[in-house]
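In: kindly return the folded structure for what I paste below:
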Amino acid sequence: MIIEAATLDRMFHALSDRSRRGMIDRLGRGPASVTELAEPLTMALPTVLKHLNVLEDSGLVQSEKTGRVRTYHLRQERLAELERWIGERKAEWNAAFDRLDQFLAEEEPTP
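Out: Have a look, this model is predicted:
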């Protein structure tokens, strides 16, 4: 599956912030309400909501509202897509380094 450049940009932007990464870590243990996600942070609730909007816009999390409570869920499949994209780049880099190693090994030493 090919991830569009704009989607990758949104995902990496979302993950570029320490607070948002902390929210992702928390959601990795299961769904959480806005209040639960805001609890360990030293920021106002509107700021937490802005961070959650960035995460939701990136597709990494999804929310649902039941009554007055909004609960967020981690979208594991989106993280898997990101991991797959990184893995493809890593394989390309490793192949390039392997070719370089082979080239250097075939070089004759200069006297």
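In: list the buried residues of stretch 44-63.
Out: Val48, His51, Leu52, Val54, Leu55, Ser58, Gly59, Leu60, Val61 (16 or more other C-beta atoms under 10 Å). (C-beta placed from N, C-alpha, C; glycine too.)
In: farthest pair in the residues you listed?
Out: Maximum pairwise distance in those, criterion C-beta to C-beta, is 19.0 Å, between Val48 and Gly59.
In: with pLDDT and distance to Ser19 added, can I get the buried residues of stretch 44-63 in CSV?
Out: As requested, the buried residues of stretch 44-63 are exported to CSV (pLDDT from 0 to 100; distance: C-beta to C-beta, whole Å):
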residue, pLDDT, distance to Ser19
Val48, 97, 8
His51, 98, 6
Leu52, 98, 10
Val54, 98, 10
Leu55, 98, 10
Ser58, 96, 14
Gly59, 96, 18
Leu60, 97, 14
Val61, 98, 13
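In: the worst-scoring helix or strand of the chain on mean pLDDT: which residues count as buried?
Out: When each helix and strand of the chain is scored by mean pLDDT, DSSP states H and E, helix 76-106 comes last, with a mean of 88. Buried residues in helix 76-106, counted by 16+ other C-beta under 10 Å: Arg78, Leu79, Glu81, Leu82, Trp85.
In: what's the closest non-adjacent residue to the second one?
Out: To tie it back to what came earlier, the one meant is Leu79. Spatial nearest neighbour of Leu79, chain neighbours left out: Leu60 (6.8 Å); criterion: C-beta to C-beta, 6 or more residues apart in numbering.
In: who's in contact with Ser19?
Out: Leu41, Met43, Val48, His51 (C-beta atoms under 8 Å, 6 or more residues apart in numbering).
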